[in-house]
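>>> can you look at this prediction? I've put the sequence above it.
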Amino acid sequence: MTAQILDGKATAAAIKSELTARVEALKARGVQPGLGTLLVGDDPGSKWYVAGKHRDCAEVGIASIQRELPDTATQEEIEAVVRELNDNPECTGYIVQLPLPKGIDTNRVLELMDPAKDADGLHPMSLGRLVLNEPGPLPCTPNGIIELLRRHDVELNGAHVVVVGRGITVGRSIGLLMTRRTENATVTLCHTGTRDLSAQLRQADIIVAAAGVGHLIKPEDVKPGAAVLDVGVSRDGEGKIMGDVDPAVAKVAGWVSPNPGGVGPMTRALLLVNVVEAAERGAGGGNAG
Ligand SMILES: Nc1nc2c(c(=O)[nH]1)N[C@@H](CN(C=O)c1ccc(C(=O)N[C@@H](CCC(=O)O)C(=O)O)cc1)CN2
């Protein structure tokens, strides 16, 4: 068996083309959506991701507001920029690029954001709305994974999803999305404390690998025909970027997401969805709900 590809690049392009029309409709009503980003430090990966988010904005007609601070920035300096973005009328939604430098209280920064401008779905209010099943921005990577599966007709209803990794951007919230009545999956969340990870993985119809451990998922961990989504990014001894999924998994799985070209572009596309939906909610209509 050779797995079919969950093509995140093509799917993200389709979503961006749909969003372009929605942004045009907002502009016709006098609403200009604008995405703000706050990048602290000079991590090359984070810089690259933020630059990509602004390229996407230009593609669909969303305005860009970019804020940068050095990695020596204090908690107070970061919070001052958050307050400025909260008050800035041109910024209709924004993100704080994670991770923040060591020593910074990330939760305090996220809690200070205006929840109405939370484009990442990571504000405690947004996560609370997700728990309560109320409309609001959804975390971009988990939502991107669901959209990627949906648009490739991979069945979620009744599926057993095994997630590896309990980080804030993926593992913590993906179960909340996948177990909604609309998705109706059953989710097992695994982490470094899980006994016999391989036994858990072999039960999965869908694996979401977000551990940040290069080639952690091997062919013998995968049930034949399962869908395997690779979210992880780590580096080998020579600095080469590796995903969490061994490429040989494609011989066993039914579906695999490439990395790059899978979940990453979907994360960016679903960020734009959050910005457009928030602008539509603010304008009192549109497609949001
Ligand atoms: N505030 C946030 N911080 C972080 C998030 C997040 O959702 N919100 N997620 C990750 C990083 N991330 C978004 O910020 C992200 C990661 C990867 C990609 C992406 O498009 N990757 C490409 C490869 C890019 C390359 O060439 O290196 C791909 O997979 O094809 C986009 C966004 C942590 N921080």
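Sure, I can see it.

>>> give me the distance between the nearest residue to L112 once chain neighbours are set aside and T169.
Setting aside the residues directly before and after it, L112 is nearest to V82 in space (C-beta to C-beta, 6 or more residues apart in numbering), at 4.9 Å. Just so you know, the C-beta spots here come from the backbone N, C-alpha and C atoms, and that holds for glycine as well. As defined by C-beta to C-beta, to the nearest Å, V82 lies at a distance of 18 Å from T169.

>>> do the helix or strand harbouring the residue nearest to L112 and the ligand meet at all?
According to DSSP states H and E, V82 maps onto helix 75-87. No. Figure legend: helix 75-87 not in contact with the ligand (C-beta under 6 Å from any ligand atom); closest approach 12.6 Å.

>>> what helices or strands is that helix leaning on?
Helix 75-87 is packed against strand 34-40, strand 63-69, strand 93-96, helix 106-112, with contacts defined by 3 or more C-beta pairs under 8 Å, 6 or more residues apart in numbering; DSSP states H and E.

>>> would you tell me which one of these is buried the most?
Across these, averaging neighbours per residue (mean count of other C-beta atoms under 10 Å) puts strand 93-96 on top, at a mean of 26.

>>> around the ligand, pick out the residues from the stretch 1-150 of the chain.
48-49, 52, 95-98, 120, 140-141.

>>> give me the pLDDT for the closest residue to D118 other than its chain neighbours.
Distance criterion C-beta to C-beta, 6+ apart; nearest residue to D118, sequence neighbours excluded, is S126 at 5.0 Å. Note for S126: predicted pLDDT of 97.

>>> next, S126: secondary structure please.
Secondary structure, DSSP: H, G, I helix; E, B strand; the rest coil: S126 is helix.

>>> W48: how many residues sit nearby?
10 (other C-beta atoms under 10 Å).

>>> try Q203
13.

>>> before we move on, the earlier item: any idea of the angle the helix holding V82 forms with strand 34-40?
180 degrees (axes from the mean of the first three to the mean of the last three C-alpha atoms, to 10 degrees).

>>> now helix 75-87: buried residues?
78-79, 81-82, 85-86 (16 or more other C-beta atoms under 10 Å).

>>> ok, of those residues, which one's closest to T106?
Using C-beta to C-beta, I78 is the member of the buried residues of helix 75-87 that lies nearest T106, at 9.7 Å.

>>> and the closest residue to the ligand within the stretch 51-200 of the chain, how far is that from L110?
Of the residues in the stretch 51-200 of the chain, the one nearest the ligand is L98, at a distance of 3.6 Å by C-beta to the nearest ligand atom. Counting by C-beta to C-beta, the separation of L98 from L110 is 9 Å.

>>> fine by me, thanks again.
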